[in-house]
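Peer 1: output the structure for:
(chains A and B)
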Protein chains: 2
Amino acid sequence: MKKARVGIIGFGTVGSGVAKLLTTNRDFLKKSVGLDIELTRICDTDITTSRGVTIDPSILTTDVSAVIDADDIDVVVELIGGINPAFDFISRALNSGKNVVTANKALLATKGIDLFASARANNACLKFEGSVGGGIPVLNGLTQGLAANRIQTIYGIVNGTCNYILTKMVKEHIDFGMALKDAMDNGYAEADPGLDIDGIDSGHKLAILSTLAFGKYTTFDDVYVEGIRNISSMDIEFAARLGYVIKLLVIAKENAGKVEVRVHPTMIPVDSQLGKTDGVYNAIEITGDFVQNVLFYGRGAGAEPTASAVVSDIIEIAKRLGQSEAPLIPIGYNPSAEQESKEIMNVLDIESRYYMRIKTADKPGVLADISKMLAEHSISIASVEQLETFLKEKSAVIIIITHRAQERDMQASLKILNGREYILEDINLIRIEDI
Amino acid sequence: MKKARVGIIGFGTVGSGVAKLLTTNRDFLKKSVGLDIELTRICDTDITTSRGVTIDPSILTTDVSAVIDADDIDVVVELIGGINPAFDFISRALNSGKNVVTANKALLATKGIDLFASARANNACLKFEGSVGGGIPVLNGLTQGLAANRIQTIYGIVNGTCNYILTKMVKEHIDFGMALKDAMDNGYAEADPGLDIDGIDSGHKLAILSTLAFGKYTTFDDVYVEGIRNISSMDIEFAARLGYVIKLLVIAKENAGKVEVRVHPTMIPVDSQLGKTDGVYNAIEITGDFVQNVLFYGRGAGAEPTASAVVSDIIEIAKRLGQSEAPLIPIGYNPSAEQESKEIMNVLDIESRYYMRIKTADKPGVLADISKMLAEHSISIASVEQLETFLKEKSAVIIIITHRAQERDMQASLKILNGREYILEDINLIRIEDI
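Peer 2: Numbering: from 1, shown residues only, chains lettered A, B, ... in the order given. Below is the predicted model of the structure:
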């Protein structure tokens, strides 16, 4: 029986999950996939705190070299996250000829192509299923199951924290602050929730999806990112009235030979599969030229689901241990392949329908001025509604839905409008996608 | 660049789709996966009717040996369906050392283990992603993406025809006959729809899912199968009132060391992901011990989606052409592996909640007799409702929802009840699953 010896770097939430899985299911995996996967070593700076997993304490070490440089390790599993020192650790592991599994989306979205250059130079495998969608095998689906297709669009909900908050706001009619607090109280949001609610985590994941789908390395810097801090109960209710629900959507799509890659709050039809994806669940919908639309849905985070993805990578690597053939590198991460010539589209060149929530002073001529200004920027209004919600402070809220317009025109309009003296707070803009 | 030469047997709907995909995306695949996949030959008894695909007529043949026995074919794609002569063709292809891709669920559910014995003996690949869920890469997900897990349950909607009919009945309040006619008129049901609406096609697919999930070869004969012919508008409406929707569900789950494998109309919560799967779409929800629940959703049939799955198999085979290592055979199909010792559970041993629609003569004592008889069989009634729907013929309809009961007791009760003189037509039984 083939044997693979695994060393984990990072004994945190996911690391503990992987340790638990490898321990619990070791005998099962011998039978089901015919591989003996041994958890040989775990490295962390803290090796004394209990993680609730029963493991032989002799495999614990604080010395990362005992994983990266050891002769008795075949697969290094990096689960510390962040750019440094993860980049250094993975690079060293690859350069010493080890195969690597990681769930580090930030690193892949920043230095993915460098990592794969090291992997290629050393004929080593680098796999990362756990980096997007937790336990959902969406990267495997994209690179193998849908490999026959030219991918056209990817729409996804890939951050459970944001989706939990937005779902709470819809179901319980509470505002963003309360929903965020609830998420924190229930362990669904970090003490410092910025990485999630500002869309950064989603942006990292989108960079990975886009790279795999469109064959061109996409970095986090290529992604246009907005978070969900400005979503109000009023936006949620307006969306519902129009048959939409607001989700933090990741979007990658081909458009005139370029690729749009963007993350922002988006109104999508409430009865679409993504619109029906609630709570901490993730879902990714991929459209290809032959398969049409396929959706992958499941738990996008958590120790055990993510461990499932990490170990699926270990299994794939273990299967090919001892083979001489170079592992296949996805074209988008392959520095020596002729990558697709697709460019990333400037977000100003995209088109969308828009929802605008405008808080104004309640005085004559405001709507006329706004309408005129939008018209001058070729933005056509589909519907408008004025609410006198704040009688005391003599302010009103105007909701405008536009027809399809260009982002460049919208941004120019916003810049001017936000400078008007009657505008009481920055206009909130939400894009509408009829997926 | 690696080259794979493909020969298709069966130039029908899916065969044409595969031919179209291989022709349209050949150059794309050279770049994206680094493989030159050449459509070298197509065999069919009819090579004159146009399929709307532009191909070199010189690759067409009516001689199956020109595919199976030819030296210039690496991968044989069997798309004629049915047991014979498909079994013979695939066996011959494998025995002449060729790799085979098929979408033939009936064959896998009947002679899968024999096919894999030939594959193993000849060190050849046999792949079948297109056999379940059309373009949805669910088998790849199950065998690779979720490989780290002990699978606990599979629930699926895997027949688009039935789901189209049931969805029509719900949305348009029409009866089964009208919905079936609509499906036929729109090309979603065959002239002879029995294979679909009697649950046979779903049973074939479930046998495959169960084999892969539980590591033990499951045949169609192991599957308990009921179709949807007896579903009435009244059942649909009652289900809705209770918060359920009726779907033809395939179920495979571990239960006390055995495996339940069954296909039958099932009431499931209307707001579950499967409950929300409408029309011709398929969805398969898989629960594993670590990943928890994952759902795969997409188009479960059609030329182009199925072609996507078939070509994904061709790509995986092409990648390993020239490698000496024996291809991995899923344990459930591996005649020489120690298969899981799980037995298939007798359907009489399962437990369920039940919905019973009972058409009776409208006379005193009927409900008392039914209640007494159920009680004698340890079946506890959760709710009962009597409708006087047919005043003219002095009949009534009684709807009973039971608590959890054993199938053996329910079948025994049905046998007795259906013999009662006051029962005007066979009782319609629908199982309830709170997935």
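
Peer 1: all strands of the stretch 51-200 of chain A, in order?
Peer 2: Using DSSP state E, counting those that start in this stretch, the strands found in the stretch 51-200 of chain A span residues A:60-61, A:75-78, A:99-102, A:126-127, A:151-157.

Peer 1: show me what A:I154 bridges to in the sheet.
Peer 2: Beta bridges link A:I154 to A:A252, A:I286 when assigned by DSSP bridges.

Peer 1: coming back round to it: including mean pLDDT and mean neighbour count, could the strands of the stretch 51-200 of chain A go into CSV?
Peer 2: No exception for glycine: its C-beta is placed from N, CA and C like everyone else's. As requested, the strands of the stretch 51-200 of chain A are arranged in CSV below (pLDDT from 0 to 100; neighbours: other CB atoms under 10 Å in any protein chain shown):
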stretch, mean pLDDT, mean neighbour count
strand A:60-61, 98, 16
strand A:75-78, 98, 28
strand A:99-102, 98, 28
strand A:126-127, 98, 26
strand A:151-157, 98, 24
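
Peer 1: got these as a markdown table, with distance to A:I344 columns?
Peer 2: Formatted as a markdown table, the strands of the stretch 51-200 of chain A follow (distance: least, CB to CB, whole Å):
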| stretch | distance to A:I344 |
| --- | --- |
| strand A:60-61 | 42 |
| strand A:75-78 | 27 |
| strand A:99-102 | 24 |
| strand A:126-127 | 23 |
| strand A:151-157 | 14 |
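
Peer 1: can you list the residues of the stretch 201-350 of chain A near chain B?
Peer 2: A:215, A:273, A:276, A:288-299, A:302, A:304-305, A:307-309, A:311-312, A:314-316, A:319, A:323, A:325, A:328, A:331, A:337-338, A:340 (CB under 8 Å from any CB of the partner chain).

Peer 1: which stretch of helix or strand covers A:P335?
Peer 2: For A:P335, there is no host helix or strand (DSSP states H and E).

Peer 1: hang on, it packs against A:A117?
Peer 2: Yes - using CB atoms under 8 Å, A:P335 is in contact with A:A117, at 4.8 Å.

Peer 1: comparing the two, which residue is more hemmed in?
Peer 2: Counted by other CB atoms under 10 Å in any protein chain shown, A:P335 and A:A117 do not tie: A:A117 has more neighbours, with 18 against 13.

Peer 1: OK, contacts around the more buried one?
Peer 2: A:P335 (CB atoms under 8 Å, 6 or more residues apart in numbering or on different chains).

Peer 1: try A:L195
Peer 2: Contacts of A:L195 by CB under 8 Å, 6+ apart are A:D201.

Peer 1: against B:L209, how distant is it?
Peer 2: A:L195 sits 38 Å away from B:L209, going by CB to CB, to the nearest Å.

Peer 1: now do stretch A:131-142: distance to the chain's middle.
Peer 2: 11 Å (CA atoms, centre = their mean, to the nearest Å).

Peer 1: I should have written stretch A:244-262 there, sorry.
Peer 2: Centroid displacement of stretch A:244-262 relative to its chain, using CA atoms, centre = their mean, is 12 Å.

Peer 1: mean confidence score for stretch A:361-372?
Peer 2: Stretch A:361-372 shows an average pLDDT of 93 in the prediction.

Peer 1: ugh, wrong one, I meant stretch A:278-289
Peer 2: For stretch A:278-289, mean pLDDT rounds to 97.

Peer 1: kindly report the same for stretch A:261-270.
Peer 2: What stretch A:261-270 shows for mean pLDDT is 98.

Peer 1: would you indicate which residues of it are buried?
Peer 2: In terms of neighbour count (16 or more other CB atoms under 10 Å in any protein chain shown), stretch A:261-270 has its buried residues at A:V261, A:R262, A:V263, A:H264, A:P265, A:T266, A:M267, A:I268, A:P269.

Peer 1: adding secondary structure, write those out as CSV.
Peer 2: Converted to CSV, the buried residues of stretch A:261-270 look like this (DSSP: H, G, I helix; E, B strand; the rest coil):
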residue, secondary structure
A:V261, strand
A:R262, strand
A:V263, strand
A:H264, strand
A:P265, strand
A:T266, strand
A:M267, strand
A:I268, strand
A:P269, strand
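
Peer 1: show me what contacts A:N163?
Peer 2: A:I157, A:K247, A:L248, A:T277, A:D278, A:G279, A:V280, A:Y281, A:N282.

Peer 1: let me have those in JSON lines, adding secondary structure as columns.
Peer 2: Shown next, in JSON lines, are the contacts of A:N163 (three-state DSSP):
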{"residue": "A:I157", "secondary structure": "strand"}
{"residue": "A:K247", "secondary structure": "strand"}
{"residue": "A:L248", "secondary structure": "strand"}
{"residue": "A:T277", "secondary structure": "coil"}
{"residue": "A:D278", "secondary structure": "coil"}
{"residue": "A:G279", "secondary structure": "coil"}
{"residue": "A:V280", "secondary structure": "coil"}
{"residue": "A:Y281", "secondary structure": "strand"}
{"residue": "A:N282", "secondary structure": "strand"}
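
Peer 1: now the helices for the stretch 1-150 of chain A?
Peer 2: Remark: helices assigned in the stretch 1-150 of chain A by DSSP state H, counting those that start in this stretch are A:13-24, A:26-32, A:65-68, A:86-95, A:105-121, A:138-140.

Peer 1: please identify the most buried of the ones you listed.
Peer 2: Mean neighbours per residue, mean count of other CB atoms under 10 Å in any protein chain shown, is largest over those for helix A:138-140, with a mean of 29.

Peer 1: count of residues packed around the nearest residue to A:R120 once chain neighbours are set aside?
Peer 2: Nearest non-adjacent residue to A:R120, counting by CB to CB, 6 or more residues apart in numbering or on different chains: A:I329, 6.0 Å away. For A:I329, the count of nearby residues is 19 (other CB under 10 Å).

Peer 1: I'd assumed A:A337 was in contact with A:I329.
Peer 2: Yes - counting by CB under 8 Å, A:A337 is a contact partner of A:I329 at 7.4 Å.

Peer 1: what do those two both touch?
Peer 2: With CB under 8 Å, 6+ apart, A:I329 and A:A337 have no common neighbours.

Peer 1: check the buried residues of stretch A:261-270 and tell me the two furthest apart.
Peer 2: A:V261 and A:P269 (22.0 Å; CB to CB).

Peer 1: low-confidence stretches in chain A?
Peer 2: A:339-340, A:388-391 (pLDDT under 70).

Peer 1: domains of it?
Peer 2: As assigned by automatic domain parsing, chain A contains the domains A:2-134+A:304-333, A:138-299, A:350-432.

Peer 1: and of those domains, who's closest to B:S371?
Peer 2: B:S371 sits nearest to domain A:138-299 of all the domains of chain A, at 39.5 Å, using CB to CB.

Peer 1: give me every residue that touches the nearest residue in space to A:N282 that is not next to it in sequence.
Peer 2: Nearest residue to A:N282 in three dimensions, chain neighbours excluded: A:G300, at 2.8 Å (CB to CB, 6+ apart). By CB under 8 Å, 6+ apart, the residues touching A:G300 are A:G133, A:G134, A:G135, A:I136, A:I157, A:V158, A:N159, A:G160, A:V280, A:Y281, A:N282.
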